[in-house]
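**Q** I would like to see how this sequence folds:
(2 chains)
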Amino acid sequence: MTGAGLSYQQLDPAGSYGSRPITLVISMGIVALAAGATALTWPAVSDPLTAFLAIFATSIAVLGVTFWSSPLRAPFRSSGFLVVTISAGVSLVLCALSTWTTSVDLDDQWAPITVGLILVQLSSYRPARELIGATILGGLLAGFVSVLHPTFGGFELPPLVRVLDAALPLVALGAGATAYSAVLVRSLGQWFARAGVTERGVSTAMKERIVRSVHDDRVSILNNTVVPFFAEILERNAVGEEDRLRSQSIANKIRSAMVADVDRSWLDSVMDQLAVERGDSTVPGSEVVQDPHRAASDMTTEQRIVVRAVILALVDHPGFDSDGFAIMIVRKGSAAAVTLTAKLDDDESITRSGLAPYLAVLRIAFGDLHVTFQRPALTLKFSYGS
Amino acid sequence: MSQGQSQHVGLLAVNRAFSRFAHVTGYVCLAGGLCEIADYQTAAPTALIWPVLLPLGVTLALLVFLDRWRTTFYSILFLAVGGVSQYWVSFSLLTAFPSVRSSHTLVLSLVAVSLVLVCGPGFVPTSTIIWGVLGYAVGLAASLSAMLVTRAPFSLDVIPLVVVVGLVLVESTDAITRSRRIAVRPELDRAVLDDELSVLRYRTEVRAAALMHDTVLGHLSAIAATVDGALPTRLTAEMQRDLAVLIGEDWLEEPAPSTDDPGTDWRRSALMTAVKEARGLSLTVDVTGDPGAIGRLTTERDQAVGLAVKQCLINVLRHAQVERAEVVIIGSEADVSVMVIDAGRGFSEELIASDRLGLRQSVRRRIESVGGEVTLWSTPGRGTSILIRVPASAIRGKHG
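**A** Numbering: from 1, shown residues only, chains lettered A, B, ... in the order given. Modelled structure (predicted):
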């Protein structure tokens, strides 16, 4: 997918989650602007019902943005975008209709500004390509309505000025929103590309430490069992019944250790590593992972990273109780379903807690995340694979 | 990239994007202003409005500079020239059309709006707010001056006021919630790094386990199956060689990547070495197909395929109860496939004991760890075929 086809939310779900308070503030501003402007210019309203409907359509669009930008509903899908932009378009027409025979001032026409602000809200969640499309269509609609709109009041505007006055707020804000989305996606894309190069450099140094660590572990096993045995046999250059039995016994031990290693998934390792790092009983080890079909290894790199970050966030969350923590992965054909349960002694709503951004990221990585929080039981359900 | 850097870069990206948002909105306003002024001049040919295009054009050009170089100098210059433009636009229109008000047409507000969206040189919300309020003040002063000079009745331009209030609200919210945005990033960065390290460790452990299986476990099995007396010479030699390798320093190090220059002579490839070793163990191995395709594998993949094929051939020797196997090599643009076929007694993979690691570890995991895949067809009594497929490097010029 090209940069223009990507959204900020897709590229940096945690960052776009950070934009949500701004989205909410703009939502309140839009509704206040629509209601306030209608109230202040009430003498210019020729059709009160249409005026209310215009505010209602604006509220629907704003509610849509608020609803679909929630971390529990990420990513903001194109269907949501369509609903929001169509509602906004309807509000634009209704606003003009409500003052069709009585409009005297530019201030009566608040909808081009609110529609532009809605596009600004969407810039954190939808790609630049869609934003510019909506801006062009919105601008044409506003211009078209202004051409049809009968003029009243004390000042006759030149025809092009009338069209520009109607379309400019929407087009200016929409173009700004498009630029915002495009610049963010481009900057973050370049940053990720550079970070990838740097990480590969870092990995080379770390790799040596890992290779050394694995090497030392293996050599230590060999030195304790195999090396003395082989050395003895090689020196003696003869094999007897006792040697055969000893050989079989050493092979069985090594094989069982290797089987245990081989059967450990990355998820087991994450839990065990966390338990070792914390060094106390607040974090359980891999015993909480139930993955009989080793389905954890089928997650993509991005999905592994997100699950790892969510586990870290959960165990670091105030009120986390290790007793209730469990991760169960069940394979269903080529797909797998994950159920993660945790006990959190938390008074805060889960959507306002420190976990909310992680849930937003989880929603992006696994499209079907279901969150249930009935204090203290938190359950996260999601699936992956096809 | 460190975690601190990633937070910083993320916030910088948002700041840069907001600045671009503000400036693009300003471009459209100023460009719209130019068009409207031209239309006003057309509508009133006798009035002297067109000279306003000059300061408006200069303001637009300065915004381009400011967008590219967000310095204090350009910010102040933009506000100064923009203030003059706002005055000139208001003065000209109020002179030409004394009854015009900002509530009638946007043209009286467009420059003032672009001044509010100056953004300034800072990278923190407070700086953007200060510059925005300053821009609003300049625009307001210019409009008021024009009203005073033209003796037009005072009217407050609502649109720049709405824009500056909106700017203050948005930037204040950004400043307040910034800490929450920062809090998440390090954990994700840490998870990325941990995952990368975990993959590295896994690959190293797979390599270690496969080598341990190929060497130590193989020798232990051979000793367990030996009759009383002296060790076979070949086994003695292999034990001495493998012990030296395993206790040495570099047996786990990955071969130097040679993606850019695969194409080593296939006759000296790890696969052909494995075939020769199997032949040395009295197995007849027929190599067919396109052996030259092996030359398109990287060193790492060549070694993985060689060791995996060796394990397959050892399995034929140990379990298939035949003395002949065939290795078929097929190269395509995307990958190299090696199939090891025997007409032996066959087996069912599900029935292999969970502690038997040859096929699982030395073949399947080893190949998967270099990005390849293994497919197995075997029917008890009707032989076995194991297909190993690994990605090939691009074909360049000639290959071995």
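**Q** can we go C-alpha only for contacts and neighbour counts from here?
**A** Fine.
**Q** Remind me which helix or strand A:P112 belongs to.
**A** Here A:P112, judged by DSSP states H and E, is contained in helix A:111-122.
**Q** quick one: contacts of that helix?
**A** Here helix A:111-122 makes contact (Cα atoms under 8 Å, 6 or more residues apart in numbering or on different chains) with A:23, A:26-27, A:30, A:33-34, A:58, A:61-62, A:65, A:81, A:88-89, A:91-92, A:95, A:131, A:134-135, A:142, A:166-174, A:176-177.
**Q** for it, what is the average pLDDT?
**A** For helix A:111-122, the mean pLDDT works out to 96.
**Q** From the contacts of helix A:111-122, list the ones also adjacent to chain B.
**A** Among these, the residues lying close to chain B (Cα under 8 Å from any Cα of the partner chain) are A:I26, A:L168, A:V171, A:A172, A:L173, A:G176, A:A177.
**Q** buried set for the strand or helix carrying A:I55?
**A** If you go by DSSP H and E, A:I55 is part of helix A:48-68. Going by neighbour count (16 or more other Cα atoms under 10 Å in any protein chain shown), the buried part of helix A:48-68 is A:50-66, A:68.
**Q** The helix holding A:P112 to helix A:48-68, inter-axis angle?
**A** The directions of helix A:111-122 and helix A:48-68 differ by 10 degrees, with axes from the mean of the first three to the mean of the last three Cα atoms, to 10 degrees as the criterion.
**Q** Now helix A:111-122: buried residues?
**A** Buried residues in helix A:111-122, counted by 16+ other Cα under 10 Å: A:A111, A:P112, A:I113, A:T114, A:V115, A:G116, A:L117, A:I118, A:L119, A:V120, A:Q121, A:L122.
**Q** Restrict it to CA atoms and write it as PDB.
**A** Only the C-alpha atoms of helix A:111-122 are listed here, as PDB (Å, rounded to 0.1, in the frame of the first residue of the first chain):
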ATOM      1  CA  ALA A 111     -21.800  24.000   7.900                       C
ATOM      2  CA  PRO A 112     -18.800  24.500   5.600                       C
ATOM      3  CA  ILE A 113     -16.700  25.200   8.800                       C
ATOM      4  CA  THR A 114     -18.100  22.200  10.700                       C
ATOM      5  CA  VAL A 115     -17.700  19.900   7.800                       C
ATOM      6  CA  GLY A 116     -14.100  21.100   7.400                       C
ATOM      7  CA  LEU A 117     -13.500  20.500  11.100                       C
ATOM      8  CA  ILE A 118     -14.900  16.900  10.800                       C
ATOM      9  CA  LEU A 119     -12.300  16.300   8.000                       C
ATOM     10  CA  VAL A 120      -9.700  17.600  10.400                       C
ATOM     11  CA  GLN A 121     -10.900  15.100  13.000                       C
ATOM     12  CA  LEU A 122     -10.700  12.300  10.500                       C
END
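**Q** I'd guess B:A47 is in a helix, am I close?
**A** No - counting by DSSP: H, G, I helix; E, B strand; the rest coil, B:A47 is not part of a helix but coil.
**Q** what about the residue nearest to it when sequence neighbours are not counted, neighbour count?
**A** Once flanking residues are discounted, B:A47 sits nearest to B:A96: 5.8 Å by Cα to Cα, 6 or more residues apart in numbering or on different chains. Neighbourhood size, B:A96 [other Cα atoms under 10 Å in any protein chain shown]: 17.
**Q** my read: B:A96 touches B:W50, true?
**A** No - using Cα atoms under 8 Å, B:A96 is not in contact with B:W50; the gap is 11.3 Å.
**Q** buried residues in the strand or helix carrying B:T128?
**A** Using DSSP H and E, B:T128 maps to helix B:125-150. By neighbour count on 16+ other Cα under 10 Å, the buried set for helix B:125-150 is B:125, B:128-147, B:150.
**Q** cool, and stretch B:308-317?
**A** B:A308, B:V309, B:K310, B:Q311, B:C312, B:L313, B:I314, B:V316, B:L317.
**Q** quick one: the second one from chain A, how far?
**A** To tie it back to what came earlier, the one meant is B:V309. 20 Å (Cα to the nearest Cα, to the nearest Å).
**Q** Wait, a helix at that residue?
**A** Yes - inclusion of B:V309 in a helix is indicated when three-state DSSP is applied.
**Q** so it sits right up against B:I341, yeah?
**A** No - assessed by Cα under 8 Å, B:V309 is found out of contact with B:I341, at 10.7 Å.
**Q** Chain B: strands as residue ranges?
**A** Ranges of strands in chain B, per DSSP state E, are B:284-289, B:324-331, B:335-342, B:373-378, B:384-391.
**Q** The ones you listed: which one's closest to chain A?
**A** strand B:373-378 (14.0 Å; Cα to the nearest Cα).
**Q** What pairs with that closest one, parallel or antiparallel?
**A** Take DSSP bridges as the rule and strand B:373-378 pairs in its sheet with strand B:384-391 (antiparallel).
**Q** Identify all contacting residues around the partner strand.
**A** Contacts for strand B:384-391 (Cα under 8 Å, 6+ apart): B:297, B:301, B:305, B:312, B:334-347, B:367, B:370-378.
**Q** Mind giving me the PyMOL command for buried ones among these?
**A** Here is the PyMOL command that picks out the buried ones among the contacts of strand B:384-391, judged by 16+ other Cα under 10 Å:
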select buried, chain B and resi 297+301+305+312+335+336+337+338+339+340+341+342+343+344+345+346+347+367+370+372+373+374+378
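**Q** remind me, longest helix of chain B?
**A** In chain B, assigned by DSSP state H, the helix with the most residues is helix B:158-212.
**Q** tell me what the worst-scoring helix or strand of chain B on mean pLDDT is packed against?
**A** The weakest-scoring helix or strand in chain B, judged by mean pLDDT, DSSP states H and E, is helix B:233-247 (a mean of 78). Judged by 3 or more Cα pairs under 8 Å, 6 or more residues apart in numbering or on different chains; DSSP states H and E, the packing partners of helix B:233-247 are helix A:226-236, helix B:218-224.
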